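Asker: what's the 3D shape of this:
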Amino acid sequence: MAGATVQVLAEVEGDVVVAGGSVSIVNTVSGDVLAAGGTVSITGNVNDDIRAAGGSVAIAGNVGDDAVVAGGSVILESGSTVGGRAWFAGETVTVAGNVNRELRATGKKVILAGTIGGDVEIYAESIVIEPGAVIKGKLTYSAPKEADVREGAVIEGAVDWHESDFGDFDDRGPGFAGTLVFFLSLAASAIVLFLICSPLPATVVQKLDKAPFKSLGLGLAVLFATPFVVLMLFVSVLGTPLAFIVLALYAVALIVGLLIGIIWIGDVGFRRLGKKPDESKWLRAWSIVAAAALLLIVGIIPFIGGLAFLIVLLLGIGAVTLNFYQLLAGRGNGLAFTSKPADQPGR
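Answerer: Predicted coordinates for the structure are as follows:
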């Protein structure tokens, strides 16, 4: 579901994938929740995992397994429990509920007031551990100053502080809000590409389905070899005009390749859920939004997020290049354009 305001009021046997300006889930979900929005509120119990991103994300229900959440404000309310691991990132992260396994948190300010059953790793400018908080494992944190551990807080494991000079968080770039806008722009661009030039993404996605490893290898070659080719053309002087043309095509290939990769992820995900996005343009649009949201959420995971983004980019570039090559080679399985036959004499 997607819309300006999305409310999930019923019990759900299965997964929930939602996006909107305001998103709320108030009843039990037996599977996973993937949610993105300006504000996200989850007060019902989720029996499996939660992946959520938004300007403000609040979890007040119980989570059966892991929770990965990113937002301007992230809150795990008092009385709620995450059964597995919790990875939170935001301007302000508040963990008032319980996490049964390890917790990783990143933010300008991180507040702990609940019980953590495993190790805790924090990367923040300011850390406060409230009275009544319990950390049953080791506490490892990086911050400009020591954590403010209030009287009554309990840390059963060792404490390891790495002094880091963060400086002013506001001067370090656009932060999560900018990242969210970037990925929403990607989703919108991918939807426009599909609606305006639907035969192209449909054909390229089919090629990606049939030859993902070939597309990945070809994308890797194009990504890293093209800048070298452009440099050689510039050095040759006579090849300078051609260098500008290749550079422009390279930029277009990067953008289109990334959009194709997002469209492909949406297709694969919805087919796994038993849906066929090709049957409806609107279903295809929502699959693209879900894919962009998934890429955004995975992107907050150190190393894995960057690797996932790179793989999606390489797959898309490779598939676009393969389609273009087959068109030039006249193999007939690229995107074909046909024209009306010329009028015959006498007609």
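
Asker: and Asn323, what element?
Answerer: Remark: Asn323 resides in helix 304-329, with elements defined by DSSP states H and E.

Asker: domains in the protein, as residue ranges please.
Answerer: For the chain, automatic domain parsing gives the domain ranges 2-171, 175-329.

Asker: what would those look like in CSV with mean pLDDT?
Answerer: As requested, these are exported to CSV (pLDDT from 0 to 100):
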stretch, mean pLDDT
domain 2-171, 88
domain 175-329, 74
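
Asker: and Leu227, how many residues sit next to it?
Answerer: Rather than Leu, residue 227 is Pro. Using other CB atoms under 10 Å, Pro227 has 12 neighbouring residues. (Each C-beta comes from the backbone N, C-alpha and C, glycine too.)

Asker: if we can go back for a sec, check the domains of the chain for me and report the most buried one.
Answerer: Most buried of the domains of the chain, by mean neighbour count (mean count of other CB atoms under 10 Å): domain 2-171, with a mean of 19.

Asker: how about the helices in the stretch 51-200 of the chain?
Answerer: 175-196, 199-210 (DSSP state H, counting those that start in this stretch).

Asker: helices or strands next to the helix holding Asn323 in the packing?
Answerer: Using 3 or more CB pairs under 8 Å, 6 or more residues apart in numbering; DSSP states H and E as the contact definition, the elements that helix 304-329 packs against are helix 199-210, helix 212-235, helix 240-272, helix 281-298.

Asker: Which one of the ones you listed lies nearest to Val69?
Answerer: Closest approach to Val69 among the helices and strands packed on helix 304-329 (CB to CB): helix 281-298, 8.3 Å.

Asker: quick one, that closest one and helix 304-329 angle?
Answerer: An angle of 140 degrees separates the directions of helix 281-298 and helix 304-329 when computed by axes from the mean of the first three to the mean of the last three CA atoms, to 10 degrees.

Asker: Off-centre distance for helix 281-298?
Answerer: Put simply, helix 281-298 sits 9 Å off its chain's centre (CA atoms, centre = their mean, to the nearest Å).

Asker: Check which helices and strands it is in contact with.
Answerer: Contacting helix 281-298 under the criterion 3+ CB pairs under 8 Å, 6+ apart are the following elements: strand 16-25, strand 33-42, strand 50-59, strand 67-76, helix 175-196, helix 240-272, helix 304-329.

Asker: quick one, which of these is nearest to Pro212?
Answerer: Each of the helices and strands packed on helix 281-298 has some distance to Pro212 by CB to CB; the shortest is helix 304-329, at 6.4 Å.

Asker: picking up where we left off before, could you dump the helices and strands packed on helix 281-298 to CSV with distance to Tyr123?
Answerer: Written out in CSV, the entries for the helices and strands packed on helix 281-298 read as follows (distance: least, CB to CB, whole Å):
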stretch, distance to Tyr123
strand 16-25, 27
strand 33-42, 23
strand 50-59, 18
strand 67-76, 13
helix 175-196, 14
helix 240-272, 28
helix 304-329, 15
